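[1] need a structure here:
(chains A and B)
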Amino acid sequence: DTGVSQNPRHKITKRGQNVTFRCDPISEHNRLYWYRQTLGQGPEFLTYFQNEAQLEKSRLLSDRFSAERPKGSFSTLEIQRTEQGDSAMYLCASQGSTDTQYFGPGTRLTVL
Amino acid sequence: AQSVTQLDSHVSVSEGTPVLLRCNYSSSYSPSLFWYVQHPNKGLQLLLKYTSAATLVKGINGFEAEFKKSETSFHLTKPSAHMSDAAEYFCVVPRGGYQKVTFGTGTKLQVIP
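    Model prediction:
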């Protein structure tokens, strides 16, 4: 069990560019979540996968956001045409058979 | 709907003194409840969780929390604060299906030497 990993840890981009983040969950955890956290706030739910199926998306996830988990293992979160308001920490969590979510270190996105 | 309220956005204590971080929950049944800690620029780490087996839950780093149904509270405590405890603490409750969770707004703990 090496924990949840996320790459990159930091991303600085210019407004209008596309960015992609990767999350590698704990092996054999079938549930995977993406959250967004802005300064001074708790994490907010973005989307949820069970295996490769994306079962729920928050209203926070505009059509510029897309997430995939093609083989039910790692997941990617892509933001197209980034805006300054997208600047935040993007957190990934995985969950196995218990009710506990295990979080990665996050990817901090800064949009200039 | 399940929700949590963290009553203090900032708490400041002196090193070696007790810590109390308050959390109240709203739920139509006895929920699972969690406390997570987030150190600066780090991910969230599970401190402890309540799942109805025992009302007093012990976690890592000397923290514990007591579930009080009559008060709908799940306050986090530690007898003696250490400098390394300075972080942000989140009270969390599952909600809805798929074990989605709702985070409280967080309490930033400052430990003064």
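[2] now the one residue in chain A that gets nearest to chain B, nearest residue through space, not along the chain?
    Residue nearest to chain B within chain A: A:Gly42 (3.3 Å; C-beta to the nearest C-beta). From N, CA and C alone the C-beta is placed, and that goes for glycine too. Once flanking residues are discounted, A:Gly42 sits nearest to B:Phe103: 3.3 Å by C-beta to C-beta, 6 or more residues apart in numbering or on different chains.
[3] roughly how far is the lowest-mean-pLDDT helix or strand in chain A from the heart of the chain?
    Taking mean pLDDT, DSSP states H and E as the measure, chain A has strand A:53-57 as its least confident helix or strand, at a mean of 90. Taking C-alpha atoms, centre = their mean, to the nearest Å, one finds the center of strand A:53-57 at 13 Å from the center of the full chain.
[4] swap in stretch B:105-113?
    Relative to its chain's centre, stretch B:105-113 lies at 12 Å (C-alpha atoms, centre = their mean).
[5] So it, near chain A or not?
    Yes - counting by C-beta under 8 Å from any C-beta of the partner chain, chain A has neighbours in stretch B:105-113: B:Thr105, B:Gly106.
[6] Okay, buried residues for that stretch please.
    For stretch B:105-113, the buried set under the neighbour-count rule, 16 or more other C-beta atoms under 10 Å in any protein chain shown, comprises B:Thr105, B:Gly106, B:Thr107, B:Lys108, B:Leu109, B:Val111.
[7] Take the residues you listed and keep only those in strands.
    Cross-referencing the buried residues of stretch B:105-113 against strands under DSSP state E gives B:Thr107, B:Lys108, B:Leu109, B:Val111.
[8] Figure out the length between the terminal residues of stretch B:24-33.
    Taking C-alpha to C-alpha, to the nearest Å, the first and last residues of stretch B:24-33 lie 10 Å apart.
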